[in-house]
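# Sharing a model that was predicted from the sequence below.
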Amino acid sequence: MSEPAPSATAALAEQQEQFKRETELNNDGLAVISHRVVGKHAVPISRYRDDIWEFVGVTTNTTKSDTRVNFATIPKEFQSIAKQVIYRYLRNGGYGQKTPKASTVIKFFQDIKPFFIYLATVHIKSLTRVDRFTAAMYVAHVNTKTRVGSRDVKLSSLTVAKRLHAVEKIYYLSQYTDDVMPAHPWPESSAEFLSGVTKNRADQERTPLIPDDIFHIIFRRAWEVVETAPHLLDLRDGVDLIASSHRDDKYRKQELQGEFLKTNGWKGGVKELGKEITKIRVASYIVVASLSGCRNHEIAFLQKNACYSTSNTTGETYWWMRSTSTKTNAGQTEWMVPEAVVSALQVMERWARPLQQLLQREIDQYRSTDPLDPRIAEAEEHSRALFIGLSTGKGNLVRTTPTKTLNQELKTFSRNCGTDWKLASHQFRRKFANYAARSQFGDLRYLREHFKHWSIDMTLGYALNESQEIALYAEIQQEISDIKEQTVQNWLDPDQPLAGGYGTNLAKWRTRGENITLFKNQKQMITSIAESTAIRSNGHAWCTADDNLCIGNSIEPVRCAAGCSNAVIGLEHKPFYNGLYNQLRQLKDLDDIGPAGLARVQRDLDRCANVLNTLAGN
């Protein structure tokens, strides 16, 4: 009885295992570095002998040039050892590290390349000749080197640290090659110390927070574009239909398109319409990124029908957005989003449809010529994506919009909004975390409706859907801690006047010398108070009550101004009390509110005046 034929899955696994064996044997440079699965077959993309190694498994918003390492860009005498080092790193990871992702290998190559170029310039042709003096000279070299395109701006300490870390890795990895670096480049020091990276590395890497006023301008304009997008897409579809019906008559086509646009209220031509259509993509990105907290590559992975909704027992509706995250190998992940994100993605589904059809024709063409063409698998990675575009550098192929292109469009969008903020895709995640945190504080001036679900307890929020990205919750918690510490730091500033019962007591306490002796230093005091104090904003004071039952939070705002033991009123609340004081003065002149009404108006006037006098330092 004959054995059953192996399944297609088993056959594919055997092919991949064969590639591994070839790699281990380093079979005259035939070892497979990367491959793509086309249909049910594994097709090699790059082999060890190639000058260019192309990697798969990178995020779809990566430009083609950033998916490759080109050994021909390294001095010839070091190309062989560079291959050996990269090969060892790819298969086994660095010293005490796990096997790296493709993007990490590519970055490692970019960091080792300057070292090999430097060695060639000082006439060193082998790692065996690299001693501590050579290493010290390289440290001095990178610490004085300037950025590409700038004569005056030196490399950042973090960039220097990465390049020096790369040299350390070369040392460890070279021990398994035929060109061994004889000793650790700086055995009594470290890349961090030599680069000048401070202990507060996290602060150095912190993404800048988009200012509220600028963010509001940019988001409002983006939402306007999304809201008007359906009409523009109607015009686009009409223009495209005319074009497909009059392919052989250019002049008649242009005439009919012009008449169609004019009839439907469009004052510009087809070219101007195209420019407005292009803006829809970046505007939709701004809406999705602002209201979801997704990273750039996670938005790039978004596909059709990415959203769905659930309801709780009280009928509250929650919208969820599905995508893929490569961060910490999270894989399929979901995010809680407001309905505005759903609207933006519905617009993008329609926006992307013609490009998706064009991409499918490209795939069909490859398949008709060669069913095992690896370009099929590469193109299919983008076939259902929403944030796509024509890549002019690739012969007008449709691909996911690269990060570099998106950042250029974001800066242009920001500039067209009249701001000078250098908007970038990675800035939206922190802004989202900041707004989600402030929503919990009740301190959100803009976009309250879009962030209402984030005012619930963090634990309850995550319990709604355990497929959510937990790292985002951690970043929101960090923003909460930062906001609380900044608030407490302002409270403890002796130059900051404070009103309210809690605020008055704080002002007295901070003038006494014994308070600092309770803590190791000022920072520890701020952190301790922030962690142990309930703080939330009600718009006219900071409330430190452990619950939300204080009537000063809603029913009677001026109660906070009457010495409430939970209230801290600072200069940021002064405009509220100025406005309320002026309104109350007008009420006092009315003759139809009765004695009780006048008495209450006078009481509240006195409360406002007391707060304003305190904040004025009187």
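Looks like it came in fine. Just so it is clear, the structure is predicted and the values come from calculations on it, not from any experiment.
# Can you list the low-confidence ranges for the stretch 151-300 of the chain?
Within the stretch 151-300 of the chain, the segments meeting pLDDT under 70 span 151-152, 198-205.
# try 50 this time
Within the stretch 151-300 of the chain, the stretches falling below the threshold (pLDDT under 50) are 202.
# Quick one: the helices in it, in order.
For the stretch 151-300 of the chain, the helices defined by DSSP state H, counting those that start in this stretch occupy 157-174, 191-195, 201-204, 212-245, 250-263, 270-292, 296-300.
# Mind splitting this structure into its structural domains?
Domain assignment of the chain by automatic domain parsing yields the ranges 51-204, 212-351+403-441, 492-615.
# which stretch among these comes nearest residue 386?
Closest approach to residue 386 among those (Cβ to Cβ): domain 212-351+403-441, 4.3 Å. Placement of C-beta: from N, CA and C, glycine included.
# Centre of the chain to the closest one, how far?
Mean-position distance between domain 212-351+403-441 and its chain equals 16 Å (Cα atoms, centre = their mean, to the nearest Å).
# about what we covered before: please identify the most buried of the helices of the stretch 151-300 of the chain.
The highest mean neighbour count among the helices of the stretch 151-300 of the chain, using mean count of other Cβ atoms under 10 Å, belongs to helix 296-300: a mean of 24.
# what packs against the very next helix or strand once past that one?
Downstream of helix 296-300, the first helix or strand assigned by DSSP states H and E is strand 307-311. The contact analysis (3 or more Cβ pairs under 8 Å, 6 or more residues apart in numbering; DSSP states H and E) places strand 307-311 against strand 317-325, helix 339-369.
# which element follows the first one toward the C-terminus?
Right, strand 317-325. Past strand 317-325, the next helix or strand by DSSP H and E is strand 331-337.
# low pLDDT regions in the stretch 501-618 of the chain?
Using pLDDT under 50, nothing in the stretch 501-618 of the chain is flagged.
# mind listing the helices for it?
Here the stretch 501-618 of the chain has its helices, by DSSP H, counting those that start in this stretch, at 501-510, 522-532, 574-588, 594-615.
# still on that earlier bit, nearest to residue 417 among the helices of the stretch 151-300 of the chain would be which one?
Ranking the helices of the stretch 151-300 of the chain by distance to residue 417, with Cβ to Cβ as the measure, places helix 212-245 first at 5.1 Å.
# Packing partners of the closest one?
For helix 212-245, the elements it packs on are helix 250-263, helix 270-292, helix 339-369, helix 403-416, judged by 3+ Cβ pairs under 8 Å, 6+ apart.
# ok, back up a step: mind putting the helices of the stretch 151-300 of the chain in JSON lines, distance to residue 331 included?
Below are the helices of the stretch 151-300 of the chain laid out as JSON lines (distance: least, Cβ to Cβ, whole Å):
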{"stretch": "helix 157-174", "distance to residue 331": "27"}
{"stretch": "helix 191-195", "distance to residue 331": "32"}
{"stretch": "helix 201-204", "distance to residue 331": "26"}
{"stretch": "helix 212-245", "distance to residue 331": "29"}
{"stretch": "helix 250-263", "distance to residue 331": "45"}
{"stretch": "helix 270-292", "distance to residue 331": "17"}
{"stretch": "helix 296-300", "distance to residue 331": "11"}
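# between these, which one is nearest to residue 532?
In terms of Cβ to Cβ, the element of those nearest to residue 532 is helix 201-204, at 23.3 Å.
# could the helices and strands packed on helix 212-245 go into a markdown table alongside distance to residue 589?
A markdown table is the format used below for the helices and strands packed on helix 212-245 (distance: least, Cβ to Cβ, whole Å):
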| stretch | distance to residue 589 |
| --- | --- |
| helix 250-263 | 58 |
| helix 270-292 | 45 |
| helix 339-369 | 44 |
| helix 403-416 | 47 |
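# Now do the buried residues in stretch 114-123.
114-116, 118-119 (16 or more other Cβ atoms under 10 Å).
# Could I get the CA-only coordinates of stretch 102-118 as CSV?
Extracted in CSV, the C-alpha atoms of stretch 102-118 (Å, rounded to 0.1, in the frame of the first residue of the first chain):
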residue,chain,number,x,y,z
ALA,A,102,14.4,41.8,9.4
SER,A,103,14.1,45.6,10.2
THR,A,104,16.6,45.2,13.1
VAL,A,105,19.1,43.4,10.8
ILE,A,106,18.8,46.2,8.3
LYS,A,107,19.4,48.9,10.9
PHE,A,108,22.4,46.9,12.2
PHE,A,109,23.9,46.9,8.7
GLN,A,110,23.4,50.7,8.5
ASP,A,111,25.2,51.1,11.9
ILE,A,112,28.2,48.9,11.0
LYS,A,113,28.8,50.4,7.6
PRO,A,114,30.4,53.6,9.0
PHE,A,115,32.8,51.6,11.0
PHE,A,116,34.1,49.6,8.0
ILE,A,117,34.3,52.8,6.0
TYR,A,118,36.4,54.4,8.7
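# List the contacts of it.
Stretch 102-118 is contacted by residues 34, 55-59, 62, 66-69, 73-75, 78, 82, 85-86, 89-90, 100, 138, 141-142, 162-163, 165-167, 169-170 when judged by Cβ atoms under 8 Å, 6 or more residues apart in numbering.
# Figure out how far it is from the centre of its chain.
24 Å.
# circling back to that earlier point, please identify which of the helices of the stretch 151-300 of the chain is closest to residue 493.
Per Cβ to Cβ, nearest to residue 493 of the helices of the stretch 151-300 of the chain: helix 201-204, 20.4 Å.
# Go through the helices and strands packed on helix 212-245 and name the closest to residue 432.
Judging those by Cβ to Cβ, what sits closest to residue 432 is helix 270-292, at 6.3 Å.
# so the closest one versus helix 403-416, what angle?
Orientation of helix 270-292 against helix 403-416 (axes from the mean of the first three to the mean of the last three Cα atoms, to 10 degrees) gives an angle of 100 degrees.
# Now for the closest residue to residue 571 other than its chain neighbours, how many residues are close by?
Nearest residue to residue 571 in three dimensions, chain neighbours excluded: residue 615, at 5.9 Å (Cβ to Cβ, 6 or more residues apart in numbering). If you count neighbours by other Cβ atoms under 10 Å, residue 615 ends up with 21.
# surely residue 615 meets residue 574?
Yes. The pair residue 615 / residue 574 is scored as a contact, 5.3 Å apart, by Cβ atoms under 8 Å.
# Counting neighbours, what do you get for residue 326?
Other residues within reach of residue 326, judged by other Cβ under 10 Å, total 17.
# can I assume it is in contact with residue 61?
No. Using Cβ under 8 Å, residue 326 is not in contact with residue 61, being 10.9 Å away.
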